[in-house]
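Asks: Compute the structure for the input listed below.
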Amino acid sequence: MDLSLTEAARLLGKSDRQIRYLIRGGELPARKEGGRWILRREDLPLSPKQERASEQKRERAARLAEEILRPESGAAKKKYSIRDLRAYREGSAIYRELAAGAGADHAAAVLLRESLMLLACGYHEFQAETKADFYSRARQEASRATMALLLDDEDAHREKIERLETGFLPALGGLVHQAEKRGRGGGRRPGGSQRR
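Replies: Have a look, this model is predicted:
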């Protein structure tokens, strides 16, 4: 299997520059095609750990391709929705109660609504780094909503504050962590694994 210089560098955990150095030094066989270096996958000196990681990546890609290309069977295919996220369930319930009681224009309700909008953007985002950013911003808005409730009337909003701090905020934090992990190569489904 032919690889570009960048693909070979990624597999070996090296920079493009290091790979060029190995090629020039004769330590790594390669050929030039159209001004670009081409390396054979079989010629790469991968460690057993790198081989396993590469194989796992290929298997994940094959499973994903099979899932995407598989025709719908008679049984309904599992569909995922933002409604499956614990963070959505926790946050939307608090928002609805707050909007019904204090009004949708209450500062905390406005901030909580924005938090839920950012949660939706993160859930539907494909790029891990952008996904993590949306989830992080959603968490910031939820933190601000918590403070707005504390400043408004801590006693009157005690139960909602508790639910925000023990339910919604940790759920958002988990999504941020999962998205960041996915960005570092952990590979998760679009919304993370908080689907219960």
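
Asks: Can you show me the helices along this structure?
Replies: Here the chain has its helices, by DSSP state H, at 5-12, 16-24, 48-69, 86-101, 107-124, 128-153, 158-163, 169-181.

Asks: just how off-centre is the shortest one within its chain?
Replies: Which is helix 158-163. Centroid separation for helix 158-163 versus its chain: 28 Å, with CA atoms, centre = their mean, to the nearest Å.

Asks: buried sites along it?
Replies: In terms of neighbour count (16 or more other CB atoms under 10 Å), helix 158-163 has its buried residues at 160-161, 163. Where you see a C-beta, it was placed from the backbone N, CA and C, and this is true even at glycine.

Asks: From the contact counts, what lies against it?
Replies: helix 86-101, helix 128-153 (3 or more CB pairs under 8 Å, 6 or more residues apart in numbering; DSSP states H and E).

Asks: how big is the angle separating the longest one from helix 107-124?
Replies: Going back to what we said before, that points to helix 128-153. Per axes from the mean of the first three to the mean of the last three CA atoms, to 10 degrees, the angle that helix 128-153 makes with helix 107-124 is 170 degrees.

Asks: now for helix 128-153, which elements pack on it?
Replies: Helices and strands touching helix 128-153, by 3+ CB pairs under 8 Å, 6+ apart, are helix 86-101, helix 107-124, helix 158-163, helix 169-181.
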